[in-house]
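Peer 1: can't give you the sequence, but here's the structure:
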């Protein structure tokens, strides 16, 4: 598990509040992406803009993998990061933050694993200025 994700979640993991742990992990990752990109956006809008495979807009920063942006493998990786992050924030973070039904431990671990993959990939990116 990526340290940024697990550190945020583990602070309350033993209380059994797994939904809150997942929400905290998502917030921690969002804050990390926000800081690296020097963005004012948050959560879904943040990952949609900052992790996009498109060239950065003027005055904005994208976090993109290094390499040849015309290469199909590069495009696949960047598109994968972009889409996985968008899905995670829409389908995991938003639900965790706005629902109050208990979340089972195994489901929470699976959700954390998704955020962990995103965090690892984000660590491999470089800020690209527009």
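Peer 2: Okay, I see it. Note that the coordinates shown come from a computational prediction; the quantities given were computed from them, not determined experimentally.

Peer 1: hey, which helix or strand in the protein has the poorest pLDDT?
Peer 2: In the chain, no helix or strand scores lower on mean pLDDT, DSSP states H and E than helix 94-98, which sits at a mean of 75.

Peer 1: just checking, what packs against that helix?
Peer 2: helix 18-37 (3 or more Cβ pairs under 8 Å, 6 or more residues apart in numbering; DSSP states H and E). C-beta coordinates here come from the backbone N, C-alpha and C atoms, glycine included.

Peer 1: Report the buried residues of the helix it packs on.
Peer 2: The neighbour-count check on helix 18-37 (16 or more other Cβ atoms under 10 Å) flags 18-30, 32-34, 36-37 as buried.

Peer 1: swap in stretch 100-111?
Peer 2: 103, 108-109, 111.

Peer 1: can you give me how far it is from the chain middle?
Peer 2: Centre-to-centre, stretch 100-111 and its host chain are 18 Å apart (Cα atoms, centre = their mean, to the nearest Å).

Peer 1: List the contacts of that stretch.
Peer 2: 9, 16, 18-19, 21-22, 88, 92, 96 (Cβ atoms under 8 Å, 6 or more residues apart in numbering).
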